[in-house]
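>>> Provide a 3D model corresponding to the input given below.
(one chain, ligands or ions: 2)
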Amino acid sequence: MFRPRRLRKSPVIRNLVRETQLSVNDIIYPLFIEEKPGIKKEIASMPGIFRFSLDKISEELDELIELGIHSVVLFAIPLEKDAIGSEAMNESGIIPEAIRFIKKNYPQLYVISDICFCEYTDHGHCGIIHDNDVDNDATLTNLNKQVLAHAKAGVDMVAPSGMMDGTVATLREALDTNGFSQIPIMGYSVKYASAYYGPFRDAADSAPTFGDRRTYQMDPANRTEAIREATLDVEEGADIIMVKPALAYLDIIRDLKNTFDVPIAAYNVSGEYAMIKAAGEKGWIDEERVIMETLTSIKRAGADIIITYHAKEAAKLLKKG
Ligand code: PBG
Ligand code: ZN
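Ligands and ions are numbered 1, 2, ... in the order given. Take a look at the predicted model:
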C-alpha cells in the first residue's frame, strides 16, 4: 500500500522530496526613489518599505547586497508632474540619475526600470489623456522617449507596466534602432485592474485623479484574455512575461507557464504585502511562515521570478534556513 507519510518522516526526507525551492536568486525588490533630497520616509500602508532619495539610498542598497538580493526595479517620485508626464522623458530625470548612481556605485546590482507615466502625470493616468481616456498611440511615442532615457543611463532591463497595446513592439524597435538590442523587456503582459494596488499608489503618489484604469488594465474576471495578452507580448518580442497581481491570479500564472516557453514573472503587489503586515502586526498570523508559504505558492503556481516587497524578509528567512 502506498503510504504518503513515509516521505514526511523527518526534515531530511522532506527536503529530499520537496518540489518547489524558493531562492533569493528568483527575487526582485521594488525601490521607490524620490527626487526631493533628504528623504527616507516609511510608506504608511507598507510597514518596512520606504521612499528614499539618492543621497539616502546607500544604506538600503548595502543591505540588499549583504542579503544577496541582486535585482531591483525602480519607481519614481519626481518633483514635477504635468499633464503629459514630461519628467518621464527627461534624460537627467530622477530615474536616469538613479540608474547612473546605482550602476556606478553598485555594479553588482541588476537594475530594472518601470516604464510608465502614472508616476509623472498630474492626473495619475498611465499616459496622455484625450477625450477623458488614455490615448494609446500618442502614449507609445512618449514611452519610446522614456525607454531611451533609461537605456542611455545604463539600465539593465526595462519593464513596461502601462498596458498600452503595442508597447513591447514599439519599445523593442526603439531600443534596437538605437543600439540597445541587448536590453531585455519584461512585459507586464497580464495586468489586472486590481484593488490590490492601493498602497502602491500612496507609495508612488500615482492614484488617478479621475476615473480608473479599467480602459487599459484587464478585467479580473477574464482568463482566456490573459493568453491573448501574453501571446501578443511574446510575438512582439517580450523576453519575460508577467502576471500581476500574483495571489488572486495563481491560476493565470499556471496558464502562462503551461502555454509559453519564456520565463514567467509574478508581481506580489503592495496590497498583498499590506494584508500580511497588518495581520502580522495584530498577531493574528505567524507572519514569517505566511510570507514563506505565500512566496512558495507563487513559485509553485509557475512563476520563475517574483517581484516582492518581502524580498529582504525572505532573504533573511532563507539564510536562517
Ligand atoms: C503603474 C504601476 C502600478 C504598480 C506597478 N506599476 C499600479 C497601478 O497600476 O496603479 C502596482 C504595484 C503594487 O501595487 O505593488 N503602472
Ligand atoms: Zn502606470
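
>>> Just list what the helix or strand harbouring residue 297 packs against, helices and strands only.
Element membership for residue 297 (DSSP states H and E) is helix 287-301. Packing partners of helix 287-301 (3 or more C-beta pairs under 8 Å, 6 or more residues apart in numbering; DSSP states H and E): helix 250-259, strand 264-268, helix 270-281, strand 305-308, helix 311-320. C-beta coordinates here come from the backbone N, C-alpha and C atoms, glycine included.

>>> which residue ranges form the helices in the protein?
Assigned by DSSP state H, the chain shows helices spanning 11-17, 58-67, 94-105, 136-153, 167-177, 198-204, 224-236, 250-259, 270-281, 287-301, 311-320.

>>> Same list as before, the ones you listed that is, but in JSON lines and with mean pLDDT, distance to ligand 1 and mean neighbour count included.
Shown next, in JSON lines, are the helices of the chain (pLDDT from 0 to 100; distance: least, C-beta to the nearest ligand atom, whole Å; neighbours: other C-beta atoms under 10 Å):
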{"stretch": "helix 11-17", "mean pLDDT": "98", "distance to ligand 1": "32", "mean neighbour count": "9"}
{"stretch": "helix 58-67", "mean pLDDT": "98", "distance to ligand 1": "17", "mean neighbour count": "14"}
{"stretch": "helix 94-105", "mean pLDDT": "98", "distance to ligand 1": "13", "mean neighbour count": "20"}
{"stretch": "helix 136-153", "mean pLDDT": "98", "distance to ligand 1": "11", "mean neighbour count": "20"}
{"stretch": "helix 167-177", "mean pLDDT": "98", "distance to ligand 1": "11", "mean neighbour count": "20"}
{"stretch": "helix 198-204", "mean pLDDT": "92", "distance to ligand 1": "3", "mean neighbour count": "21"}
{"stretch": "helix 224-236", "mean pLDDT": "98", "distance to ligand 1": "15", "mean neighbour count": "17"}
{"stretch": "helix 250-259", "mean pLDDT": "98", "distance to ligand 1": "16", "mean neighbour count": "19"}
{"stretch": "helix 270-281", "mean pLDDT": "98", "distance to ligand 1": "3", "mean neighbour count": "19"}
{"stretch": "helix 287-301", "mean pLDDT": "98", "distance to ligand 1": "14", "mean neighbour count": "18"}
{"stretch": "helix 311-320", "mean pLDDT": "97", "distance to ligand 1": "12", "mean neighbour count": "17"}
